[in-house]
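Enquirer: please work out how this folds:
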Amino acid sequence: MNIAVVGTGYVGLVSGTCFAEMGNRVTCVDIDKTKIEKLKNGIVPIYEPGLDELVSRNIKAGRLFFTTDLTSCLDDAEIVFSAVGTPPDEDGSADLKYVLDVARTIGKYMSKYLVLVTKSTVPVGTAQKVRKAIEEELNKRGKSIPFDIASNPEFLKEGNAIEDFMRPDRVVVGVESDQAKSIMEKLYRPFTLNGYPIMIMDVPSAEMTKYAANAMLATRISFMNELANLCEMVGANIDNVRKGIGSDARIGSKFLYAGCGYGGSCFPKDVKALINTGKQTGYPMRIIEAVDSVNEYQKSIVYEKLHAIMEGNLAGKQIAIWGLSFKPETDDMREAPSLVVIEKLIAAGAQVKVYDPIAMEETKRRIGDVVLYCNDIYDAAIDADAILLLTEWKQFRMPTWAVIKNVMRGNVIVDGRNIYDGAELRDHGFIYSRIGCKQK
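Expert: Below is the predicted model of the structure:
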């Protein structure tokens, strides 16, 4: 099939490349000329394991193309995916400017039937706005060209996106006509051959499914963080509680880990957008509002623990941070807890040293040289009064604690992801603090 994908951000580039890998002819479109030129040469602007190789292979195979001109591929495209950004407005609502720009361009230049599929995460009701934008442009041209609008939300996890796309838990497709349904079923037929379910539904339900899924996962995280904070006060251990409730088949064990809050491009934005949708319809999303509030507090929990241990005396202290990205296997710094912690440490007069395997350049782009960037976790530990673990990269899991203790000036470890053995660290002479367990 001939496919155009508008937007070469995380969702668009992964989706377009994976569609090409399945044998389709895919043209990825973006207004950023520099990015497109790099992609033509196989230079991928985002970090995602395995994506570089997949892009290069499909370019060489003549299945994957890149351009800045959407109009150049409209005549051949059977399906156009809109995967442009929907950044949050000041009120938390999704900004649909770029989504509607794509729709208007299609309305101005389309010459035959096509299906415009929204891949971006958009509020319920966006499809009707997209349809109206296309119809307005067709009316200006005096044309009556049939088209369909569809919704195909993505459920990709950063760091595991290719596997998620190729072997999805489910594919959700919202359509308005039998013709669009037939086209989308044809596109995703290779997935049905492998037994992965495709769920065809109405467009509003598809739009809502994406928000509902992310809000549910975010709710589980914030719920566990609330419990963890209470556990510390009453002397319980959140790890034991997690095992106890996770063994219940009605609950399950996934997304029940306490920590220092969620970040990234999806959960924070989608939670806020769902809250805003509730406000616009006059139905406040009380649970989701609480989820967002808990998460904002939790991003500061590691700092608050350190502040308490240091008895408020952070001025002039050297604090090392291990992990900057919001999760492992990505350089994504959007809404990362590390940004909150760094800001608070600097405001308190501390000197901050940081290390992350991937996200150093992205951090520098965001905050500049207000922190010292180190070569590895041992370099960051030199002369540090305390170490804060904020991202659970695999390479952080088994440091040589004797070396760490020897090069540090202090002896405080605050574990924001609960990956270390407290007894082991205390045996090495550390003051160890974690989430959800009262310190002994």
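Enquirer: from Ala273, how far out is Ser120?
Expert: Distance, Ser120 to Ala273, by CB to CB, to the nearest Å: 11 Å. All C-beta atoms are positioned from the backbone trio N, CA, C, and that covers glycine.
Enquirer: output stretch 152-159 in PDB with nothing but the alpha carbons.
Expert: Output of stretch 152-159 as PDB, limited to C-alpha atoms (Å, rounded to 0.1, in the frame of the first residue of the first chain):
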ATOM      1  CA  ASN A 152      -5.700   4.800  15.100                       C
ATOM      2  CA  PRO A 153      -4.200   5.800  18.500                       C
ATOM      3  CA  GLU A 154      -0.700   4.600  19.300                       C
ATOM      4  CA  PHE A 155       0.300   2.600  22.300                       C
ATOM      5  CA  LEU A 156       4.100   2.600  22.000                       C
ATOM      6  CA  LYS A 157       6.400   2.500  25.000                       C
ATOM      7  CA  GLU A 158       9.600   4.500  24.600                       C
ATOM      8  CA  GLY A 159      12.500   2.100  24.600                       C
END
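Enquirer: who touches it?
Expert: 10-11, 14-15, 48-49, 81, 83, 117-119, 121, 164-165, 168-174, 184, 206-207, 209-210, 213, 264-265, 327-330, 332 (CB atoms under 8 Å, 6 or more residues apart in numbering).
Enquirer: just the buried members of those residues?
Expert: Neighbour counting by 16 or more other CB atoms under 10 Å classes 10-11, 14-15, 48, 81, 83, 117-119, 121, 164-165, 168, 171-174, 184, 206-207, 209-210, 213, 264-265, 327-330, 332 among the contacts of stretch 152-159 as buried.
Enquirer: next one: phi and psi at the nearest residue to Lys181 once chain neighbours are set aside?
Expert: Distances taken as CB to CB, 6 or more residues apart in numbering put Val175 closest to Lys181, at 4.6 Å, once the chain neighbours are dropped. When read as degrees, to the nearest 10, the backbone of Val175 gives phi -130, psi 160.
Enquirer: give the contact list for Val175.
Expert: Contacts for Val175 (CB under 8 Å, 6+ apart) come out as 148, 150, 181, 184, 200, 202-203.
Enquirer: please repeat the previous calculation with a cut-off of 7 Å.
Expert: Counting by CB atoms under 7 Å, 6 or more residues apart in numbering, Val175 touches 150, 181, 184, 200, 203.
Enquirer: ok, now how distant is it from Asp202?
Expert: Val175 is 8 Å from Asp202, by CB to CB.
Enquirer: hmm, Leu96 is touching Pro88, no?
Expert: No: applying CB atoms under 7 Å as the test, Leu96 and Pro88 come out as separate, 11.3 Å apart.
Enquirer: looking at the two, which has the bigger crowd around it?
Expert: Leu96 (20 against 15; other CB atoms under 10 Å).
Enquirer: picking up where we left off before, how far away is the residue nearest to Lys181 from Ile149?
Expert: Here Val175 is placed at a distance of 8 Å from Ile149 (CB to CB).
Enquirer: between these two, what contacts are shared?
Expert: Residues touching both Val175 and Ile149 (CB under 7 Å, 6+ apart) are Val203.
Enquirer: neighbouring contacts of the worst-scoring helix or strand of the chain on mean pLDDT?
Expert: One helix or strand of the chain scores below all others by mean pLDDT, DSSP states H and E: helix 189-193, with a mean of 81. By CB under 7 Å, 6+ apart, the surrounding residues in contact with helix 189-193 are 22, 168, 171, 198.
Enquirer: now secondary structure, distance to Asp30 and pLDDT too, for those residues, in CSV please.
Expert: CSV is the format used below for the contacts of helix 189-193 (DSSP: H, G, I helix; E, B strand; the rest coil; distance: CB to CB, whole Å; pLDDT from 0 to 100):
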residue, secondary structure, distance to Asp30, pLDDT
Met22, coil, 21, 94
Pro168, coil, 24, 89
Val171, strand, 24, 94
Ile198, strand, 28, 92
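Enquirer: ok, so of those, who is nearest Leu372?
Expert: Comparing these against Leu372 with CB to CB places Pro168 closest, at 41.7 Å.
Enquirer: need the contact list for that closest one.
Expert: Counting by CB under 7 Å, 6+ apart, Pro168 has contacts 155, 191, 196.
Enquirer: low pLDDT regions in this protein?
Expert: Low-confidence segments of the chain, defined by pLDDT under 70: 90-91, 439-440.
Enquirer: got the domain ranges for it?
Expert: With domains defined by automatic domain parsing, the chain comprises 2-201, 211-297, 299-434.
Enquirer: okay, buried residues for stretch 247-256 please.
Expert: Result for stretch 247-256 [16+ other CB under 10 Å]: buried residues Leu256.
Enquirer: please name the residues that touch the residue of the chain positioned farthest from its centre.
Expert: In the chain, Gly142 marks the outermost C-alpha relative to the chain mean, sitting 41.8 Å out by CA atoms, centre = their mean. For Gly142, no residue meets the contact criterion (CB under 7 Å, 6+ apart).
Enquirer: where do the helices sit along the stretch 251-400 of the chain?
Expert: 267-281, 286-298, 301-309, 337-347, 360-367, 377-381 (DSSP state H, counting those that start in this stretch).
Enquirer: for the fifth one, name the packing helices and strands.
Expert: Right, the one you point to is helix 360-367. Using 3 or more CB pairs under 7 Å, 6 or more residues apart in numbering; DSSP states H and E, no helix or strand is in contact with helix 360-367.
Enquirer: neighbouring contacts of it?
Expert: Contacts for helix 360-367 (CB under 7 Å, 6+ apart): 324, 331, 333, 342, 354, 356, 373.
Enquirer: could you check the angle that helix makes with helix 337-347?
Expert: Put simply, helix 360-367 runs at 50 degrees to helix 337-347, going by axes from the mean of the first three to the mean of the last three CA atoms, to 10 degrees.
Enquirer: next, the buried residues of the top helix by length along the chain.
Expert: Assignment by DSSP state H gives helix 203-234 as the longest helix of the chain. Using 16+ other CB under 10 Å as the test for burial, helix 203-234 gives 203-204, 206-211, 213-215, 217-229, 231-232.
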